[in-house]
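K.L.:
no sequence on this one, just coordinates:
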């Protein structure tokens, strides 16, 4: 953990089937999160997580539902103080949610 706090996020997004098949989807999803943290000025350490893709097709009583594909990012990191000696929690929340 390396700190007093841990930020944990779950981000889900529906995708077009073609995008979900991209072999680099996981790497792109993870890099999106890391870039978002940097862009928001959220200083951190000990980042970890997973990027998953899923496809769903209903059968039987659910056969009328359209097929769906999605990506899910589960991540956590330890926020650390910036140059001013303070942790900017708002930056971490903004980076992790959008």
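P.N.:
Yep, that arrived. The structure presented is a predicted model; accordingly, all values stated were derived computationally and were not measured.

K.L.:
the residue nearest the centre of the chain in helix, strand or coil?
P.N.:
Using Cα atoms, centre = their mean, the residue of the chain that lies closest to the mean C-alpha position is residue 73, 3.5 Å off. Three-state secondary structure (criterion: DSSP: H, G, I helix; E, B strand; the rest coil) places residue 73 in strand.

K.L.:
that one bridge partners, please.
P.N.:
In this entry, residue 73 is beta-bridged to residue 11, residue 51, by DSSP bridges.

K.L.:
wait, it sits on residue 26?
P.N.:
No: applying Cβ atoms under 8 Å, one finds residue 73 not in contact with residue 26, separated by 9.0 Å. All C-beta spots, glycine's among them, are computed from the backbone N, C-alpha and C.

K.L.:
what do the two both touch?
P.N.:
residue 51 (Cβ atoms under 8 Å, 6 or more residues apart in numbering).

K.L.:
what are the contacting residues of the longest helix belonging to the chain?
P.N.:
Determined from DSSP state H, the single longest helix within the chain is helix 25-39. Judged by Cβ under 8 Å, 6+ apart, the contacts made with helix 25-39 from elsewhere in the structure are 9, 11, 19, 22, 44, 47, 49, 51-53, 71, 73, 75, 77, 92, 95-96, 98.

K.L.:
ranges for the strands of the chain?
P.N.:
Assigned by DSSP state E, the chain shows strands spanning 7-15, 44-56, 68-79.
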